[in-house]
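# need a structure here:
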Amino acid sequence: GGGGNGRSGFRSFVVVKHAKHGFMLLEATKARKGRLFQLPGGHVDQEELAAHGEREACRVAAARELVEETGLDMRENMHRLVPVDMEAMGEKGSKLNASRRRYYRLDINDSDSVEDITTGPGGSFRGRRLATPLSMEDFRLCLSHEHTGFKFERDGAAAAEAVAQHSGGYNKQAVLLIEGLRDV
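Alright, predicted model coming up:
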């Protein structure tokens, strides 16, 4: 997703982990790739960059994309979006950082379950719906039209593999690094 006011070269993604259920993965269906899973996230807008500077703009964009795509609203609780220092994770982390992708960790629990349909960009409810996970846990998100469902995945390596098709494989690498796992 993303606002229409010009994209910067940066992208922000959120690795959401539920205390009991594991990684939250969004399902999408793409014309070329078919069904795939994604991390919440997307482009940082030029306007956000101008207003906040790189560091804060990337976090603001992460919060915006998260609420647009899932209904999880961290805009008043920005401290919950914990920046991941990819530079500190060796060569692979530096490569991710150089690709202008920024990652945040968000720990959630049952109290974060979305109770109401939230509005999308421009205050519209169009195409938005409450959904329960394909993996059947008792938790709800408010999904945007771009996602067909979501699931939780307890296993870090399996979560990384599930998002391998998304964002040129970078997000798979990010999940592996964040979880301290080696690529197999």
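# which single strand of the protein contains the most residues?
strand 7-18 (DSSP state E).
# helix or strand right after that strand?
Following strand 7-18 in sequence order, the next helix or strand is strand 22-30 (DSSP states H and E).
# tilt between that next one and strand 7-18?
130 degrees (axes from the mean of the first three to the mean of the last three C-alpha atoms, to 10 degrees).
# next SSE downstream of strand 22-30?
Next along the chain from strand 22-30, counting by DSSP H and E, comes strand 34-38.
# what does that next one contact?
Residues from elsewhere that reach strand 34-38, judged by C-beta atoms under 8 Å, 6 or more residues apart in numbering: 25-30, 147-148, 151, 162-163, 165-167, 171. The way it works is simple: take the backbone N, C-alpha and C, and place the C-beta from them, glycine included.
# of all the residues you listed, which comes closest to G93?
Distance to G93 across these (C-beta to C-beta) is lowest for N171, with 13.3 Å.
# separation between the spatially closest residue to the closest one that is not a sequence neighbour and L66?
Once flanking residues are discounted, N171 sits nearest to V163: 4.6 Å by C-beta to C-beta, 6 or more residues apart in numbering. Using C-beta to C-beta, to the nearest Å, V163 is found at 15 Å from L66.
# over to G41?
8 Å.
# overlap in contacts, the two.
V14.
# G149 contacts L130, correct?
No. Applying C-beta atoms under 8 Å as the test, G149 and L130 come out as separate, 11.9 Å apart.
# thinking again about what came up before, what about the residue nearest to N171, neighbour count?
25 (other C-beta atoms under 10 Å).
# may I ask you to confirm that it is in contact with E27?
No. Counting by C-beta under 8 Å, V163 sits too far from E27 to count as a contact (10.8 Å).
# which strand residues bridge G149?
Taking DSSP bridges as the rule, G149 bridges to E27.
# how about it, what does it touch?
Per C-beta under 8 Å, 6+ apart, neighbours of G149: 26-27, 131, 133-134, 143.
# over to N77?
N77 neighbours (C-beta under 8 Å, 6+ apart): none.
# and if you look at the one 10 residues further on?
E87 makes contact with 93-94, 97 under the criterion C-beta under 8 Å, 6+ apart.
# which of these fall in helices?
93-94, 97 (DSSP state H).
# mind checking which of those residues are buried?
93, 97 (16 or more other C-beta atoms under 10 Å).
# a markdown table for the ones in helices among the contacts of E87, including distance to D85 and pLDDT?
A markdown table is the format used below for the ones in helices among the contacts of E87 (distance: C-beta to C-beta, whole Å; pLDDT from 0 to 100):
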| residue | distance to D85 | pLDDT |
| --- | --- | --- |
| G93 | 8 | 94 |
| S94 | 11 | 94 |
| N97 | 9 | 94 |
